[in-house]
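In: sequence first, then the predicted structure, then my questions.
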Amino acid sequence: DGGITQSPKYLFRKEGQNVTLSCEQNLNHDAMYWYRQDPGQGLRLIYYSQIVNDFQKGDIAEGYSVSREKKESFPLTVTSAQKNPTAFYLCASNNPPSGGRDTQYFGPGTRLTVL
Amino acid sequence: GDSVTQMEGPVTLSEEAFLTINCTYTATGYPSLFWYVQYPGEGLQLLLKATKADDKGSNKGFEATYRKETTSFHLEKGSVQVSDSAVYFCASNAGGTSYGKLTFGQGTILTVHP
């Protein structure tokens, strides 16, 4: 089955610790995205990558970092600099035509809780 | 900048009732428009989409028409079921300089009672 996997489903972290969320896709998509979802709000874009070894900041990149060493993988690190990291994190991917207006497909999400 | 506004929820309906969830957008250029659905504890699933004015997206009995004149993309379903209970997100993607960025509404919680 083709799809996007995120692990772990639930993650607990102590304040001051960095933590890395995994996102893997076997859809052969070029572009990958990370969103953050807070209760009662829509999703907000953290980082995105259009191609391997390249990525761009989204609207709320402060306190986060990413890498894109392989086409199928786009891990997100939540650093201790992120002031309010407790949230639901969603990864997405697609193969956008020129202009990037194509449908994005989402993984199941990781719920991060800072204790 | 781009924005998407959805009607506030939560929306509570009885089974077989008619559903409308309003969505309006502001964007430069001509965005693609989407409705996504999220079931509890899960990621988002694409429900339907439209890529140009007057296009109608449809899936599983849900419909939405891209209205450029009113900058709207309202979601409708003629007869809801208990299994439709979920959070519904309207989103736009203008592409261009906003490459890859989906702009989301705040989501509307729908609860359908038997």
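Out: Ah, there it is.
In: so what's residue 77 up against?
Out: Let's take chain A. Residues in contact with residue A:77 (CB atoms under 8 Å, 6 or more residues apart in numbering or on different chains) are A:18-21, A:64-66. In this view, the C-beta of every residue, glycine as well, is placed from N, C-alpha and C.
In: wrong one, chain B
Out: Residues in contact with residue B:77 (CB under 8 Å, 6+ apart) are B:18-19, B:61-63, B:84.
In: write the PyMOL selection for whichever of those residues are buried.
Out: To isolate the buried ones among the contacts of residue B:77 in PyMOL, judged by 16 or more other CB atoms under 10 Å in any protein chain shown, type:
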select buried, chain B and resi 19+62+63+84
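In: format the contacts of residue B:77 as CSV; extra columns: pLDDT.
Out: Formatted as CSV, the contacts of residue B:77 follow (pLDDT from 0 to 100):
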residue, pLDDT
B:18, 98
B:19, 97
B:61, 97
B:62, 98
B:63, 98
B:84, 97
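In: narrow the contacts of residue B:77 to those in helices?
Out: If you go by DSSP state H, the contacts of residue B:77 have nothing in helices.
In: between the contacts of residue B:77, which sits nearest chain A?
Out: For these, the closest approach to chain A (CB to the nearest CB) belongs to residue B:62, at 15.7 Å.
In: ok, that closest one - contacts?
Out: Taking CB under 8 Å, 6+ apart as the contact definition, residue B:62 lies against B:35, B:47-48, B:75-77.
In: and what of residue A:8?
Out: For residue A:8, the contacting residues are A:22, A:110, by CB under 8 Å, 6+ apart.
In: for residue B:6, what are its contacts?
Out: Per CB under 8 Å, 6+ apart, neighbours of residue B:6: B:21-23, B:88-90, B:105-108.
In: okay, now the unreliable bits of chain A?
Out: A:1, A:97-101 (pLDDT under 70).
In: tell me the centre residue of it?
Out: The centre of chain A sits closest to residue A:34, judged by CA atoms, centre = their mean, with a distance of 2.6 Å.
In: next one: phi and psi at that residue?
Out: The phi/psi pair for residue A:34 (degrees, to the nearest 10) reads phi -120, psi 130.
In: out of the contacts of residue B:62, which are buried?
Out: Buried residues within the contacts of residue B:62, counting neighbours by 16+ other CB under 10 Å: B:35, B:47-48, B:75, B:77.
In: count of neighbours near residue 29?
Out: By default, I'm working from chain A. Counted by other CB atoms under 10 Å in any protein chain shown, the residues lying close to residue A:29 total 20.
In: oops, wrong one, chain B.
Out: Neighbour count for residue B:29, taken as other CB under 10 Å: 12.
In: for chain A, which residue gets nearest to chain B?
Out: residue A:42 (3.1 Å).
In: can you say which helix or strand has residue 36 in it?
Out: I went with chain A, as the question did not name one. Assigned by DSSP states H and E, residue A:36 belongs to strand A:31-37.
In: you answered for a different chain; I wanted chain B.
Out: Counting by DSSP H and E, residue B:36 is found in strand B:32-38.
In: now do residue A:111
Out: strand A:110-114.
In: so which bits of chain B are right by chain A?
Out: For chain B, the residues in contact with chain A (CB under 8 Å from any CB of the partner chain) are B:4, B:31-32, B:34, B:36, B:41-46, B:49, B:51, B:89, B:91, B:93-96, B:98-107.
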